[in-house]
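Asks: Sequence first, then the predicted structure, then my questions.
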Amino acid sequence: MSISRKMIKTLLAAACLMAVCALFTGCGKKKIIGELTVINYGEYLDPDMLDLFTEETGIKINYEEALTPEEMYTKYSSGAIKYDLVCTSDYMMQKMIKDGEFLQIPWDQMEYKDNIGKKYYEYAAMFDEGNKYCLPYFWGTLGILYNTKKVSKPVDSWDVLFNGEYSGEIIMQNSMRDTFMVALKYLGYSINTTNPDEIRAAYDLLLKQKSQVQAYLVDEARDEVVAGNAVMAVIYSGEAYLGHEYNNDLAYVIPKEGSNVWFDCWAITKNCENTEFAAKFLDFLCREDVAAANFEYIYYSTPNTKVIEGLDEEDRENESLVPSEDATKNCEVCLQAPDDITALMNDLWKKLKSE
Amino acid sequence: MNEDKVRNGNRRSLLSGPYALWIAGFTILPLIVIMKYALTDKTGAFTTANLTAIFTDPINRKALWLSLKIAVGTTLICILLSYPMVLAMKHLGLGKKGFSLFIIILPMWMNFILRVLAWQMILSNNGLLNLLLTTLGFEPVRIANTETAIMIGSVYDYLPYMMLPIFTAIMEINEDLIEAAKDLGAGGFTVFRKVIFPLSIPGLLSGFVMVFVPSMTSFVIADILGGGKLQLIGNIIEQEFTTANNWPAGSGLSVMLMLLVLISTAFTMRRKTEGRESALW
């Protein structure tokens, strides 16, 4: 008696389950054939594109975000979530390539890979020899966003940050490498220096500058210059573009001493079980309509030549959107520093912040 | 009869099951993991260096000192703001009392980060405060990105946690005691000093724990209102975990900070139970 009742219950439960399944498959959407777990910077992909991708391919995207490359790496290396694809910056890419974290991108499966300009693959080769692992996604420069109405003469050098003329009106990046980069370039050193003396010299300069710095910010730096709370900020080109949109008095310059040209790239991790799906996703990102949607969502410089060709003239001549060859002449890609240099910089950065 | 009691007792302890599971999974287990990290170096070998670093490293010492300064300042200001307000509320009618309480609790309905960001807008160089000052003909002030700014933000965020327990404690005081003190010739201040204040100490101590501990350990307020120029111990811990990727160092600092906080709260908790007992007598 009791057994048959149990059986009825089980049967009923199974029937319910089947009904529910039927409900889900019956609503016209493409059947889910697999999933990919990706990690990207925050607000760094038009969310509509994820839905579009799932709709077209039936591959579900589990989307995770991180604020900085370091945060991404911490999440990745903790192993709590197995990521199939990561998007991160050049120097972190370099470290992870060296650690053997990536699989080669199956380029032959990618129809639209040539939408990415050759020049950008060449830049990427600086940290990814032979272009095996990295697909350039967005790129840009670090420079100075300043209020043209509040400076005595046009800004063209890092000197304005250190000469004391704009004391209390300067915003620096709250990020170790970026802030050290500014000082190193101003002193005429390479941003990838491995000479401890040069790094200490940069620290001394930054320490002297600290009393003149209004704040070390990341996301709010642009808004503070837009709102007129500060005259200038060290800022990424994409942020500078938006700043100019909000306030026409603002201009962006890549200082003549040179700066950092950065690349954010996608790569397939060694945890990825289905590289075919991963390649589909990367190819999708290269497609003109998708790249254009992401460009309009983010407004950083795109390496997608098809998208650049489609820009109107004003945008194409905007230094913060499409940097000229001349301006990027002295720029370097930021590479992963050896462990002892990173430790030294970490230490000096902590010291700088606590002084 | 006795069996029934035991069974009842067992059944009741079952009720705490879900919470016990929660605590085991999300408090005890993470604590054990943090302990393990704190006692090992990057290679996994045993060390106590991570624990002592809070005192031996001058950067950590400085951050700890600044945190302590801000936490003590925040707590004191909260106490000084709470007592007059609560005393003023004491004699309000039921409706007005309810309304005042509502006003005190209202900011807590808004997200904590949003409240801090609002203060950033108010205090920035061209912010609301300076706009107000300059239109009234005063010199603008530079409060943004200073210790003062961090303290203002902390006081704003934690004030209700001080005010509410003090309010409850003072409302519990029997009016007859105050009447008696007055009959015996005590003035307003003496009544406060000899009757109201001593009887409100349990509330004050809960308020102390709820304000001092979070303002000692927070890092978001310092990041937003300090402009990244000031480092509290919370900021250092955050950096060890995120940018420096040095979990052992971050865990060591966390464990030591937890110990320091435990010691201070254990002290106040003992005082609190003593206070209750003497109140009973």
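Replies: Noted; the coordinates are in hand.
Asks: Run a quick neighbour tally on the residue of chain A found nearest chain B.
Replies: With CB to the nearest CB, the shortest gap between chain A and chain B falls at A:A215, namely 2.8 Å. Quick note: C-beta positions are derived from backbone N, CA and C, even for glycine. Using other CB atoms under 10 Å in any protein chain shown, A:A215 has 24 other residues around it.
Asks: what about B:T48, neighbour count?
Replies: 10.
Asks: Would you mind writing the CA trace of stretch B:196-206 as CSV?
Replies: Extracted as CSV, the C-alpha positions of stretch B:196-206 are listed here (Å, rounded to 0.1, in the frame of the first residue of the first chain):
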residue,chain,number,x,y,z
ILE,B,196,20.0,59.1,33.9
PHE,B,197,23.6,58.6,32.8
PRO,B,198,24.5,55.6,35.0
LEU,B,199,21.2,53.9,34.1
SER,B,200,21.8,54.5,30.4
ILE,B,201,25.3,52.8,30.4
PRO,B,202,24.1,49.4,29.1
GLY,B,203,22.7,51.3,26.0
LEU,B,204,25.8,53.4,25.7
LEU,B,205,28.0,50.2,25.7
SER,B,206,26.0,48.5,23.0
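Asks: May I see the buried residues of it?
Replies: Buried residues in stretch B:196-206, counting neighbours by 16 or more other CB atoms under 10 Å in any protein chain shown, are found at B:I196, B:L199, B:S200, B:I201, B:P202, B:G203, B:L204, B:L205, B:S206.
Asks: Quick check, pLDDT for A:A251.
Replies: Per-residue pLDDT puts A:A251 at 90.
Asks: Can you name the helix or strand that it falls in?
Replies: Using DSSP states H and E, A:A251 falls within strand A:250-253.
Asks: ok so, going back, is the residue of chain A closest to chain B part of a helix or strand, or is it coil?
Replies: strand (DSSP: H, G, I helix; E, B strand; the rest coil).
Asks: ok, back up a step: list the ones among the buried residues of stretch B:196-206 that fall in helices.
Replies: Mapping these onto helices (DSSP state H) picks out B:L199, B:S200, B:I201, B:P202, B:G203, B:L204, B:L205, B:S206.
Asks: which bits of the stretch 1-150 of chain B sit near chain A?
Replies: Within the stretch 1-150 of chain B, the positions near chain A by CB under 8 Å from any CB of the partner chain are B:I59, B:K62, B:A63, B:Q120, B:S124, B:N125, B:N126, B:G127, B:R142, B:A144, B:N145.
Asks: I'd guessed A:Y203 sits against A:L348; true?
Replies: Yes - using CB atoms under 8 Å, A:Y203 is in contact with A:L348, at 4.3 Å.
Asks: Give me the longest strand you can find in chain A.
Replies: strand A:135-147 (DSSP state E).
Asks: Quick check: neighbours of the next helix or strand after that strand in the sheet, parallel or antiparallel?
Replies: Once the chain leaves strand A:135-147, the next helix or strand it forms, by DSSP H and E, is strand A:170-173. Sheet pairing of strand A:170-173 (DSSP bridges) gives strand A:213-217 (parallel), strand A:232-236 (parallel).
Asks: circling back: dump the buried residues of stretch B:196-206 into a markdown table; add pLDDT and distance to chain A as well.
Replies: What follows is the buried residues of stretch B:196-206, written out as a markdown table (pLDDT from 0 to 100; distance: CB to the nearest CB, whole Å):
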| residue | pLDDT | distance to chain A |
| --- | --- | --- |
| B:I196 | 88 | 43 |
| B:L199 | 89 | 43 |
| B:S200 | 89 | 38 |
| B:I201 | 88 | 37 |
| B:P202 | 87 | 38 |
| B:G203 | 90 | 36 |
| B:L204 | 90 | 33 |
| B:L205 | 89 | 32 |
| B:S206 | 89 | 33 |
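Asks: Output the residues you listed in CSV, with distance to A:D48 appended to each entry.
Replies: CSV is the format used below for these (distance: CB to CB, whole Å):
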residue, distance to A:D48
B:I196, 61
B:L199, 61
B:S200, 57
B:I201, 58
B:P202, 56
B:G203, 53
B:L204, 54
B:L205, 54
B:S206, 49
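Asks: Looking at these, which is nearest A:L45?
Replies: Ranked by distance to A:L45 (CB to CB), the buried residues of stretch B:196-206 are led by B:S206 at 46.5 Å.
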